[in-house]
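Undergrad: next one to model:
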Amino acid sequence: MRRTGILVVGHGSREPSANREFEELVDCVRERRRDFDVQQAYVELAAPALADGLAAVAARNERVVVAPLFLFAAGHVKNDIPLALSGARRRFPSVHFTAGRVLGVHPAMAELACQRAFQAVDGLGDGKRTALVIVGRGSSDPDANGDFFKLARLLGEGRDFAWVTPAFIGITRPLFGEAIELVARARPQRILVVPYFLFGGRLLVQLEAQIQEFRARYPWIRTTLAPHLGVDPKLLEVFDERLDEALSERAPLACDNCQYRVPIGALAENVGGFRSLLWSARHMETHAQAMPHVHAHRPMRRHVLVCGNVDCASRGSIALITELRRALRRVGREREIRVTRTSCMGRCGEGPTVAVYPDGIWYRGVTPADANELVDCHLIGDRLVGRLVDAIMQ
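TA: Predicted coordinates:
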């Protein structure tokens, strides 16, 4: 049995090329850490899943260090990883588990982003007429969004840019489209767009499309898209630093030591707070909590969630909501089947996305023309619209 295993955890993508980039970076870590059993796992969308990766590494090591390869600490790092660790600790009580920190706000990461910006152009030219727009993924976690803004400030500090503007590709604001329109009103000669993404994938394709549309509207502004961060020595240096912290247990993942997630001394009863969080999350998803409670509205037979975020809205989700509600009124079921517009549902580039609960059926690529079929077949007739099914939740 090897003494220490390192599990590098990535987000995961539907794009094989993005997963290959992640695996390339894991190979670099494996080469630099030959004395350790270095493996990989994903939070979602790719295999092996986090729980499976933890089990595999724990089965052959006395100690496991979980190294999250994430830019900032948001929901996956604050919730999914601690939850998976909690299960692994119960399953492997003799194994010592430690979780490290994310890459976070680090000067080397700001330097890497700046390097990518200059890599995209042959010299800055007139820096006082150049704007830089740095684009992040966006999160529902204000802390992560705040860290991204701080990183953007570090990137611009002391450099010869006239404007440095942070923006997001989705989930929260300012959205990239809004931000670059405001920058255009300042009449810069050049705009550099830096995607602050670890790897490529569908978000990068979406960003490229938005830039093409912007260029068509503002052909007199030289607008250049820089490369994403990718596998780079600077990135590996920061990740090495985070690994060293975790291996020495100097700076473990903060949420891994939270009294609401794991027993701390005599405070084991506070772990119930984490269970309460899970109950709340489940209620948001299914609207069918096992714990009895009273609702102010009549109980619904089904709840239909339709993504109204910018990507799905541009593909017709708002019109889809109108058509679904019209179809339900047609059959007299609008009181027992509710249609709700939601924020991003994590299927950017594949929408409009529709989820039907408590059935747990997710549809993608649903157009307004599909509304009557969805109502008649699924919501009324209890038959799935197979050609549109994206996932069936268990």
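
Undergrad: now do the SS call for Arg30.
TA: Three-state call for Arg30 (DSSP: H, G, I helix; E, B strand; the rest coil): helix.

Undergrad: burial check on the closest residue to Asp141 other than its chain neighbours, number of neighbours?
TA: With CB to CB, 6 or more residues apart in numbering as the criterion, Asp141 has its nearest non-adjacent residue at 3.9 Å, and that residue is Ala74. From N, CA and C alone the C-beta is placed, and that goes for glycine too. Using other CB atoms under 10 Å, Ala74 has 22 other residues around it.

Undergrad: hang on, Ala74 packs against Gly138?
TA: No - contact between Ala74 and Gly138 fails when scored by CB atoms under 8 Å: they sit 9.5 Å apart.

Undergrad: distance check, Asp359 against Arg301.
TA: Using CB to CB, to the nearest Å, Asp359 is found at 10 Å from Arg301.

Undergrad: who has more neighbours, those two?
TA: The neighbour comparison of Asp359 against Arg301 (other CB under 10 Å) goes to Asp359, with 17 against 13.

Undergrad: what stretches of the stretch 101-250 of the chain score poorly on pLDDT?
TA: 122-127 (pLDDT under 70).

Undergrad: what about the strands in it?
TA: 130-136, 163-168, 190-195, 222-225 (DSSP state E, counting those that start in this stretch).

Undergrad: and among those, the most buried is which?
TA: strand 130-136 (a mean of 26; mean count of other CB atoms under 10 Å).

Undergrad: how far away from the center of its chain is that strand?
TA: 20 Å (CA atoms, centre = their mean, to the nearest Å).

Undergrad: ditto for stretch 75-82
TA: That offset, for stretch 75-82, works out to 11 Å (CA atoms, centre = their mean).

Undergrad: show the end-to-end separation of that stretch, please.
TA: End-to-end distance of stretch 75-82: 10 Å, with CA to CA, to the nearest Å as the criterion.

Undergrad: adjust the sequence numbering to begin at 221 for everything that follows.
TA: New numbering, starting at 221: the last item is stretch 295-302.

Undergrad: return the set of buried residues in that stretch.
TA: For stretch 295-302, a neighbour-count test (16 or more other CB atoms under 10 Å) marks His296, Val297, Lys298, Asn299, Asp300, Ile301, Pro302 as buried.

Undergrad: could I get the residues you listed as JSON lines with secondary structure and pLDDT?
TA: What follows is the buried residues of stretch 295-302, written out as JSON lines (DSSP: H, G, I helix; E, B strand; the rest coil; pLDDT from 0 to 100):
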{"residue": "His296", "secondary structure": "helix", "pLDDT": "89"}
{"residue": "Val297", "secondary structure": "helix", "pLDDT": "90"}
{"residue": "Lys298", "secondary structure": "helix", "pLDDT": "88"}
{"residue": "Asn299", "secondary structure": "helix", "pLDDT": "86"}
{"residue": "Asp300", "secondary structure": "helix", "pLDDT": "88"}
{"residue": "Ile301", "secondary structure": "helix", "pLDDT": "91"}
{"residue": "Pro302", "secondary structure": "helix", "pLDDT": "90"}
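
Undergrad: mind putting the residues you listed into CSV with distance to Asp531?
TA: Below are the buried residues of stretch 295-302 laid out as CSV (distance: CB to CB, whole Å):
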residue, distance to Asp531
His296, 20
Val297, 24
Lys298, 25
Asn299, 24
Asp300, 23
Ile301, 27
Pro302, 30
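
Undergrad: quick check: pLDDT value at Pro472.
TA: For Pro472, the pLDDT comes out at 68.

Undergrad: please apply the same query to the one 10 residues further on.
TA: Val482 is assigned a pLDDT of 53 by the prediction.

Undergrad: got it, and Arg518?
TA: 60.

Undergrad: what do you get for the one 3 residues further on?
TA: Turning to Arg521, the model gives it a pLDDT of 87.

Undergrad: this completes my enquiry, with thanks.
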